[in-house]
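Novice: sequence first, predicted coordinates after that:
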Amino acid sequence: MLSYEFMRIAFLVGILLGIAIPLAGSTVVFKRLSSSGDALAHSSLAGVAIGLAAGLNPLGMSIVACVISFLIIELIRKKFAKYSELGVAVVLSLSVGLAGILMNYTKEGYLESYLFGSILLVDKLQLYLAIGVTALVVIFYFVFHKQIFAIIYNDSEAKVGGVKVGLLNFVQSLLFSIVIAISAKTIGSLVVSSLIAIPVAASLQAKTSYRGTLLLATILSVVSVIIGITIAYYASWTPGATIAIVAVSLLVLMFLYRALRDAIAKRRSLKTTK
């Protein structure tokens, strides 16, 4: 399997994005906006359609569309605090509508490749982009993880504490949008959201610290990618869809682990009270 260059590139890009996606997407999960990842994935699809119809670079337009969409979601979330999910619904509806209409003006079959991705057909440019954006995401979260945690906990208190909330939120949005745009081409716009929310949800079952949650989510995401690509290769399945199924399977295992751990802890506490 690894004797083929395209498989080595696929594993490398998959691992890189497996690191970047849960890190960049963890904040939206903690803000209870995990569905925004799905909206951005569809925005990337609309961006590609706009690029193809207008004769512009599809990947560049995909990134621009994701950035604008995330800013719209954030704007609506701030204006309508009690209805923060409205931004996601608006962006998702608009993106699906635009992509559906513009598909009539694009090359047949091109947009369909974005639905479930084409990680086995990744070129060198996409590899370099994955390396660059993953490095930026890792450095950003390593340097500013305390400030990011403060914003997630209470952005008002973070402002009082001197944290530049607006700037950090903008950088996070930009990185997250770029990660989604690149991932939509490789993993697929329909399944990229699975690596945003599911690894984080699975890691939360371990009841560890904020940094521990991010680390475990990254590990589970990378494991999902490696196992998913391997199974897809030997079973001739779609890699993106297989990765999503593996991620859900790991989430189920983490649920079972938590249930078993809680049961053991309860049994021990009963013994000590007797």
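Specialist: Arrived safely, thanks for sending. Numbering: from 1, shown residues only.
Novice: from here on, just use CA atoms for contacts and neighbour counts.
Specialist: Will do.
Novice: could you list the low-pLDDT ranges of the stretch 51-200 of the chain?
Specialist: Along the stretch 51-200 of the chain, segments meeting pLDDT under 70 span 81-84, 107-113, 116.
Novice: can you show me the helices along the stretch 151-274 of the chain?
Specialist: Ranges of helices within the stretch 151-274 of the chain are 155-160, 165-183, 194-204, 210-235, 239-273, based on DSSP state H, counting those that start in this stretch.
Novice: for Ser44, which residues are in contact?
Specialist: The neighbourhood of Ser44, defined by C-alpha atoms under 8 Å, 6 or more residues apart in numbering, consists of 61-63, 65-66, 180-181, 184, 189.
Novice: rerun at 10 Å
Specialist: 38, 50, 58-67, 69, 95, 99, 114, 177-178, 180-185, 189 (C-alpha atoms under 10 Å, 6 or more residues apart in numbering).
Novice: one step back: which one of the helices of the stretch 151-274 of the chain lies nearest to Ile73?
Specialist: Proximity to Ile73 (C-alpha to C-alpha) singles out helix 165-183 among these, at 10.3 Å.
Novice: just checking, what packs against the closest one?
Specialist: Here helix 165-183 is seen to pack against helix 5-30, helix 35-54, helix 58-79, helix 124-153, helix 155-160 when contacts are counted using 3 or more C-alpha pairs under 10 Å, 6 or more residues apart in numbering; DSSP states H and E.
Novice: so which of these is nearest Ala263?
Specialist: In terms of C-alpha to C-alpha, the element of the helices and strands packed on helix 165-183 nearest to Ala263 is helix 5-30, at 26.7 Å.
Novice: how far off centre is the closest one?
Specialist: Mean-position distance between helix 5-30 and its chain equals 8 Å (C-alpha atoms, centre = their mean, to the nearest Å).
Novice: model confidence over it, on average?
Specialist: Looking at helix 5-30 alone, the average pLDDT works out to 89.
Novice: what packs against it?
Specialist: Helix 5-30 sits against helix 35-54, helix 124-153, helix 165-183, helix 194-204, helix 210-235, helix 239-273, with contacts defined as 3+ C-alpha pairs under 10 Å, 6+ apart.
Novice: adding distance to Leu2, write these out as TSV.
Specialist: Conversion of the helices and strands packed on helix 5-30 to TSV gives the following (distance: least, C-alpha to C-alpha, whole Å):
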stretch	distance to Leu2
helix 35-54	29
helix 124-153	17
helix 165-183	22
helix 194-204	24
helix 210-235	10
helix 239-273	15
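Novice: among these, which comes closest to Lys79?
Specialist: The minimum distance between Lys79 and the helices and strands packed on helix 5-30 falls on helix 165-183, with 15.1 Å, by C-alpha to C-alpha.
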